[in-house]
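K.L.:
I would like to see how this sequence folds:
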Amino acid sequence: MRNCARQAVRFRLLYTTLLLFSTCCEALKMAYIDKLALILVTNRKQLVARSRNKSVFFTPGGKREDGESDSQALLRECKEELIIDLTPETIRPYGVFQAQAFGKPEGTMVRMTCYTSDYSGELQPSAEVEELRWIDSTCPHNDLSVTGIMILEDLKEKGLVD
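P.N.:
Model prediction:
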């Protein structure tokens, strides 16, 4: 009898733990933003963009629409934000950066999957972008999102920006 009672208690504990874990996982999924970004470096400076009514600069890019591949979404987002055409065959993975999402509730994480690419056209801010800026590692961190800081520090560590 004692073994059955102990096993029942263990089963209830295991079941409760799994239920809590499942609930936590669902909450994490809801507080997670998946984005793509273009890392563009010229003359040892990185391009960043500030959207209208925002106080910090972000790495250009955005979210996938239903059914889009990373490349398709990046091509569309760069056309929308920067008025440029990426050269599809030159799109290369750069890295993935994850941090607290700017301006979102605590615990809302953003994951930026970053790429590099050649492009054609003249960089210019679209209607949704207030300002484009070329930055180096001396850019004040309070001008950037947390992922922006992480990306800039990574570029500096790799010797790609001053």
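
K.L.:
switch to C-alpha atoms for all contacts and neighbour counts from now on
P.N.:
Will do.

K.L.:
Skip the chain neighbours and tell me the closest residue to R50.
P.N.:
Nearest non-adjacent residue to R50, counting by Cα to Cα, 6 or more residues apart in numbering: F57, 4.4 Å away.

K.L.:
Hmm, I typed the wrong one, I wanted S126.
P.N.:
What sits nearest to S126 in space, not counting adjacent residues and going by Cα to Cα, 6+ apart, is E81, at 5.1 Å.

K.L.:
Please enumerate the strands of this structure.
P.N.:
32-38, 41-42, 45-51, 61-62, 85-86, 92-100, 109-116, 119-120, 129-135 (DSSP state E).

K.L.:
Dead centre of the protein: give me the residue that sits there.
P.N.:
Closest residue to the average C-alpha location of the chain: M112 at 2.1 Å, with Cα atoms, centre = their mean.

K.L.:
List the contacts of it.
P.N.:
Contact analysis of M112 by Cα atoms under 8 Å, 6 or more residues apart in numbering lists 34-37, 96-98, 147.
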